[in-house]
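>>> How does the following fold in three dimensions:
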Amino acid sequence: LTITLTAGTVTQDIELEGLYGGGRLWIKAADGADVQFAKSFLVNRCKSVFFERLKFVGGKVYNGGHFVAYTSFVFVTNCTFDSTSDPSARGFIATAGSQAFLENSTFTNCKAAVQVMSSSIASILNSSASGNSTGIHVYGGGICMLCGSTPDLLGGVANAKDGGLIVKANGTLL
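Next comes the predicted model:
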């Protein structure tokens, strides 16, 4: 199922819950459309949800994130996570055994650009970032793998590790 969104701002919290079975859900902005989510976005116990060309700019859910994958598999490409409106927010969170693949995305002005926790795994490919307090925060068995041109600090002044791993693009541990 593909949902193509036209230009505009979504002003309510969004929760996708319990999507299972064959196939995938693909949510994307129409070509050239500026689609922003001004509140939180939670993907809760879902399989194969894809996001493309969307902007997550406001609201906080579970542990203070704009976008949270909870026990889910998500694929995110060409998306923006911007906490300019609330610098205490985290951009993207993977938790509770989630798997996330983030590609060609941008993270700006976040408390933590990406947080990976509770036995979750996130791979970040060819993404950019600036103005974040912390780049990557892993804990509770979270693993974050940086790939391609993704910078080691993901736009932060430091990364944080509390019982997790951060793997550089060359395969060494940070």
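
>>> Now Phe73, what are its backbone angles?
Note on Phe73: its backbone torsions stand at phi -110, psi 120 [degrees, to the nearest 10].

>>> Am I right that it is in contact with Arg45?
No - in this structure, Phe73 sits apart from Arg45 without contact. The criterion is Cβ atoms under 8 Å, and the distance is 10.3 Å. No exception for glycine: its C-beta is placed from N, CA and C like everyone else's.

>>> and these two? which has more neighbours close in?
Remark: of Phe73 and Arg45, Phe73 carries more neighbours, 18 against 15, as counted by other Cβ atoms under 10 Å.

>>> Just grab the bridge partners of that one for me.
Bridge pairing for Phe73 (DSSP bridges) gives the partners Gln99.

>>> tell me the contacts of Thr19?
Small correction: residue 19 is Leu, not Thr. Residues in contact with Leu19, defined by Cβ atoms under 8 Å, 6 or more residues apart in numbering, are Leu25, Cys46, Lys47, Ser48, Val49.

>>> quick one: which of those has the most company?
Neighbour counts for the contacts of Leu19, by other Cβ under 10 Å, peak at Cys46, which reaches 22 neighbours.

>>> Just the pLDDT for the residue nearest in space to the middle of the chain.
A centroid search over the chain (Cα atoms, centre = their mean) returns Phe92, at 3.1 Å, as the residue closest to the centre. Turning to Phe92, the model gives it a pLDDT of 98.
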